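*Asks:* Sequence and predicted structure below; questions after.
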Amino acid sequence: MSRFESSRFVRNPQVMHVDVLKSACDALGWTYRIKDNELIVSDARQSSRLYGEFALKLNLSTNFVIYNTYYMPDAANKVAELQTLFYELNAEYAKKSLIQEFKKKGFTYMSNDHFTPTTEEVFCFFMVGRSKDKNEDEPVAQIKFTILKDGTIVTDSDYLPNDVNERAHEAMDVLEQLLGNKRIMTKKSNIPAKYLAKMKPRRVNTQSIKQK
């Protein structure tokens, strides 16, 4: 998240957060176990025998999912069944995680009274931050978040004070890791002139540079 910017967490359909996947499997009645850093689904109520093979497995380090299409002729249907429920649960997970991480950075939740859910957009709300800079003449700022039916997060912001902007970036960095989705940012054009002097470049993460 940044000032005068919109962003979108680009979903990878083969990346599923383990906690959400567990909830989806429990709801579907699928059998799974944890072994050697993997979540392995051994029974997805498929139409064929698996002969000891997995129906799908998830790497706990990367949250990357692999489906067994060789032993499951109905794999496509099973994937669609799982994804339908997973995305519904993922939207709830995305909202909960987002609010949680932003609250940790001092933001407060504000509902969007003008929002009506649709088949594509299921949640829309604001996180409000207050600057601690006594010289800031616009100390209160809000960021708009829209969550799509599959858990994709879309953000939008105008002016954010420097310290509010920093905390928003920190929360977004954590959120990107939790969801396993890359965040694509788009800068707005026609930024009002009065804000140009107030805006500074985003901080440089020296720790990340040293690690590289």
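*Replies:* Yep, that arrived. Numbers count the residues shown, from 1 in each chain.
*Asks:* By residue count, tell me the biggest helix in the chain.
*Replies:* Secondary structure of the chain read by DSSP state H shows that its longest helix is helix 75-104.
*Asks:* Which strands and helices lie in contact with it?
*Replies:* Judged by 3 or more Cβ pairs under 8 Å, 6 or more residues apart in numbering; DSSP states H and E, the packing partners of helix 75-104 are helix 18-28, strand 65-67, strand 108-111, strand 121-130, strand 140-148, helix 162-179. C-beta here means a position set from N, CA and C on the backbone, and glycine is covered the same way.
*Asks:* Report pLDDT for Ala80.
*Replies:* In this model, Ala80 is scored at 89, pLDDT.
*Asks:* and it, how many residues sit next to it?
*Replies:* Ala80 has 10 neighbouring residues, counting by other Cβ atoms under 10 Å.
*Asks:* That one and Val154, how far apart?
*Replies:* Distance, Ala80 to Val154, using Cβ to Cβ, to the nearest Å: 24 Å.
*Asks:* For the closest residue to Leu85 other than its chain neighbours, give me the pLDDT.
*Replies:* Once flanking residues are discounted, Leu85 sits nearest to Ala24: 4.7 Å by Cβ to Cβ, 6 or more residues apart in numbering. Model confidence at Ala24, given as pLDDT, is 95.
*Asks:* Gln142 contacts Ser111, doesn't it?
*Replies:* No: with contact defined as Cβ atoms under 8 Å, Gln142 does not count as touching Ser111 (11.6 Å).
*Asks:* Now do the shared contacts for these two.
*Replies:* Phe126 (Cβ atoms under 8 Å, 6 or more residues apart in numbering).
*Asks:* Show me which of the two is the more surrounded one.
*Replies:* Gln142 (18 against 9).
*Asks:* beta partners of that one?
*Replies:* Judged by DSSP bridges, the bridge partners of Gln142 are Val128.
*Asks:* dump the residue contacts of it.
*Replies:* 110, 126-129, 157.
*Asks:* Repeat the analysis, applying 10 Å as the threshold.
*Replies:* Residues in contact with Gln142 (Cβ atoms under 10 Å, 6 or more residues apart in numbering) are 107-108, 110, 125-129, 156-158, 160, 164.
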